[in-house]
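# need coordinates for the below:
(one chain, ligands or ions: 4)
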Amino acid sequence: MAPFFSTKSISIAILILGMLISNQEAYGHGCYKSIISFGDSLSDTGNLFHIYPPDKPPESGRWPYGETFFKHPTGLYSDGRLIVDIIAQSLGLPFLEPFIGGKNTNASSRNFSKGVNFAVAGATALNLSFLERSGIFNPLTNVFLGTQLDCFKEFFATFCKTNPDCKTFLQTSLILVGEIGGNEYNYAFVQGTDIELIESLLLQLSATSASRSKYELIKLGASTVTVLGNLPIGCAPYYLSYYENSDEKEYDRKTGCLNWLNGFSEHHNDLLQMELNCIRGLYPHATIIYGDYYNAAMRIYLSPNKFGFTSVFRACCGAGGPYNYNASALCSTPPATVCDDPSQYVSWDGIHFTEAAYRWIAQGLLEGPYTIPLIRTVCSLISRTSGPSEY
Ligand SMILES: *[C@@H]1O[C@H](CO)[C@@H](O)[C@H](O)[C@H]1NC(C)=O
Ligand SMILES: *[C@@H]1O[C@H](CO)[C@@H](O)[C@H](O)[C@H]1NC(C)=O
Ligand SMILES: *[C@@H]1O[C@H](CO)[C@@H](O)[C@H](O)[C@H]1NC(C)=O
Ligand SMILES: *[C@@H]1O[C@H](CO)[C@@H](O)[C@H](O)[C@H]1NC(C)=O
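Ligands and ions are numbered 1, 2, ... in the order given. I've put the predicted structure just below:
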């Protein structure tokens, strides 16, 4: 495509994006008073960074992570804000505080009344001993979803001691669970795990951990729980380079993504939604929202130019190879280098998205149509029922 042409479509896309973001900022204020988040690196706003020793930070604690928005690494796995940050801003809330503070953080001065984040990069949905028995190892952390829930319960008990209206806090919070479970696949697929075993994990994942978390949150008094599905992993440079092959039939003709891996994500999401339907039946007074990350991201892969992207499958930050992803030299590790303009790239480091892509995904969730039910219809329900606790 001729350069002048793409420049023009980019500036139009940026203009539209600007309008959408300002709309978002006007919309939704006061709807939810806080955000509580669980998940992995897609939503970790600093927990893993603070768990690691300061002299041995994870990738997200090293340059060029954070270069676009915060201008320095703060533990976010992107060049800028994550989906949770953009959702927080659009609701008129501050950036989501990681539950784990830094070494020099004064614990008693921390205030989570506007939200708290338990997501930890690398976390799985299933527990470690179970995964290890299946031959799947977590190289990053021993935190899984259950650990995050235990932290939340401890936090909430303490919070209730100093905040008598803590039930209202929980009721008026937008609770985000996930994406979680994607790491089971990220680890298993490259650790040579038997494909049939991975398929059996699909069922475990949707039936066990994910549901446990939602039951417990609702029992504690949560009224809105949003559960995010898996992404189209067949479009990620991480998977595209690992499964690179010359069989054209394996690739989707329209997008260039690996069909069977995307089919896998879709299967995961189908099972997850079935599980959510069960929970809706069991807890009719709670609102369970399904967040469709898959299709919110897929629309970018289907027409990248429309969204201002010129590079879809080459990561912005990496150490070469057809997808600019090299597992032995990840972004932030020499000889990896970073692209000049991350906003033209969908993928930041081969696994995570750029802020530019996250903004479109967040917009698709907030404005629709990528949540079931639509967040804005739920929102009006919340403001009607956010009076004194009825539980
Ligand atoms: C921590 O914060 C509290 C409340 O803001 C303050 O009273 C206390 O002096 C602080 N402690 C330190 C060591 O800074
Ligand atoms: C926490 O911050 C909120 C406003 O963001 C304020 O209303 C509340 O009093 C603060 N709580 C404490 C314990 O400082
Ligand atoms: C780990 O998960 C498995 C399967 O979900 C479960 O049967 C087991 O009790 C869990 N173990 C611990 C220690 O939580
Ligand atoms: C990946 O990076 C390692 C370490 O720098 C290097 O030895 C290797 O050749 C690279 N592989 C590719 C395919 O570029």
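# setting aside sequence neighbours, what's the nearest residue to residue 361?
Nearest non-adjacent residue to residue 361, counting by CB to CB, 6 or more residues apart in numbering: residue 296, 4.6 Å away. From N, CA and C alone the C-beta is placed, and that goes for glycine too.
# so who does that neighbour touch?
By CB atoms under 8 Å, 6 or more residues apart in numbering, the residues touching residue 296 are 360-361, 364-365, 370.
# near ligand 1, which residues of the stretch 101-250 of the chain show up?
106, 108-109 (CB under 6 Å from any ligand atom).
# close to ligand 4, is stretch 349-367?
No - figure legend: stretch 349-367 not in contact with ligand 4 (CB under 6 Å from any ligand atom); closest approach 12.1 Å.
# packing partners for the helix or strand containing residue 168?
For residue 168, the host element (DSSP states H and E) is helix 166-171. For helix 166-171, the packing partners by 3 or more CB pairs under 8 Å, 6 or more residues apart in numbering; DSSP states H and E come out as helix 145-162.
# still on that earlier bit, can you tell me which of the residues of the stretch 101-250 of the chain next to ligand 1 is closest to ligand 2?
residue 109 (8.2 Å; CB to the nearest ligand atom).
# show the pLDDT at that closest one.
With respect to pLDDT, residue 109 scores 78.
# give me the number of residues near it?
Other residues lying near residue 109 total 7 when counted by other CB atoms under 10 Å.
# near ligand 2, which residues of this structure show up?
Within reach of ligand 2 by CB under 6 Å from any ligand atom, the chain has these residues: 111, 113-114.
# highest neighbour count among the residues you listed?
Ranked by the number of neighbours (other CB under 10 Å), the residues of the chain next to ligand 2 place residue 114 first, at 19 neighbours.
# and that residue, backbone torsions?
Main-chain dihedrals, residue 114, degrees, to the nearest 10: phi -100, psi 0.
# hang on, it packs against residue 33?
Yes - in terms of CB atoms under 8 Å, residue 114 counts as a neighbour of residue 33; the distance is 7.3 Å.
# joint contacts of those two?
Counting by CB under 8 Å, 6+ apart, the contacts common to residue 114 and residue 33 are residue 93.
# hey, where'd the strands end up in the stretch 1-150 of the chain?
All strands of the stretch 1-150 of the chain, identified by DSSP state E, counting those that start in this stretch, fall at 34-38, 115-117.
# need those strands in TSV with mean pLDDT and mean neighbour count, can you?
TSV is the format used below for the strands of the stretch 1-150 of the chain (pLDDT from 0 to 100; neighbours: other CB atoms under 10 Å):
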stretch	mean pLDDT	mean neighbour count
strand 34-38	96	25
strand 115-117	96	25
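# which one of these lies closest to ligand 4?
Using CB to the nearest ligand atom, the strands of the stretch 1-150 of the chain put strand 115-117 closest to ligand 4, at 32.7 Å.
# who does the closest one touch, helix- and strand-wise?
strand 34-38.
# the strand it packs on vs helix 145-162, what angle?
150 degrees (axes from the mean of the first three to the mean of the last three CA atoms, to 10 degrees).
# hang on, the residue nearest to residue 361 in a helix?
Yes - per DSSP: H, G, I helix; E, B strand; the rest coil, residue 296 lies within a helix segment.
# can you offset everything so residue one is 49?
New numbering, starting at 49: the last item is residue 344.
# what pLDDT does it get?
So residue 344 comes in at 98 (pLDDT).
# and for residue 125?
pLDDT at residue 125 comes out at 98.
# show me the contacts for it.
89-90, 92, 107-108, 113, 169, 396-397, 399-400.
# what residues does the protein put near ligand 3?
174-175, 177-178, 256.
# before we move on, the earlier item: dump the strands of the stretch 49-198 of the chain to TSV, plus distance to residue 363.
TSV is the format used below for the strands of the stretch 49-198 of the chain (distance: least, CB to CB, whole Å):
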stretch	distance to residue 363
strand 82-86	25
strand 163-165	25
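# closest to residue 381 out of the ones you listed?
Proximity to residue 381, assessed across those by CB to CB, is greatest for strand 163-165 (25.8 Å).
# what about that closest one, distance to the chain center?
14 Å (CA atoms, centre = their mean, to the nearest Å).
# element containing the closest residue to residue 249 other than its chain neighbours, please.
Among residues not flanking residue 249 along the chain, residue 232 sits closest, at 5.7 Å (CB to CB, 6+ apart). For residue 232, the host element (DSSP H and E) is helix 230-238.
# span of stretch 144-152 from start to end?
Stretch 144-152 has an end-to-end distance of 18 Å (CA to CA, to the nearest Å).
# show me what counts as buried in it.
144-148 (16 or more other CB atoms under 10 Å).
# equivalent analysis for stretch 187-201, please.
Those would be 188-189, 191-197, 199-200, for stretch 187-201 by 16+ other CB under 10 Å.
# what strand or helix carries residue 399?
Going by DSSP H and E, residue 399 is not in any helix or strand.
# and of the residues of the chain next to ligand 2, the nearest to ligand 4?
Closest to ligand 4 out of those is residue 162 (42.3 Å), distances taken as CB to the nearest ligand atom.
# contacting residues around the closest one?
Contacts of residue 162 by CB under 8 Å, 6+ apart are 81-83, 141-142.
# same deal with residue 421?
335, 337.
# surely residue 276 meets residue 85?
No - applying CB under 8 Å, one finds residue 276 not in contact with residue 85, separated by 9.9 Å.
# overlap in contacts, those two.
residue 224.
# so how many other residues sit close to the closest residue to residue 410 other than its chain neighbours?
Distances taken as CB to CB, 6+ apart place residue 134 nearest to residue 410, at 3.9 Å, with adjacent residues excluded. For residue 134, the count of nearby residues is 23 (other CB under 10 Å).
# how near is residue 134 to residue 324?
Separation of residue 134 from residue 324 (CB to CB, to the nearest Å): 23 Å.
# can you check residue 232 too?
For residue 232 relative to residue 324 (CB to CB), the value is 19 Å.
# one step back: could the contacts of residue 125 go into a markdown table alongside pLDDT and neighbour count?
Shown next, in a markdown table, are the contacts of residue 125 (pLDDT from 0 to 100; neighbours: other CB under 10 Å):
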| residue | pLDDT | neighbour count |
| --- | --- | --- |
| 89 | 98 | 28 |
| 90 | 98 | 25 |
| 92 | 98 | 31 |
| 107 | 97 | 23 |
| 108 | 98 | 25 |
| 113 | 98 | 29 |
| 169 | 98 | 28 |
| 396 | 98 | 29 |
| 397 | 98 | 28 |
| 399 | 98 | 23 |
| 400 | 98 | 25 |
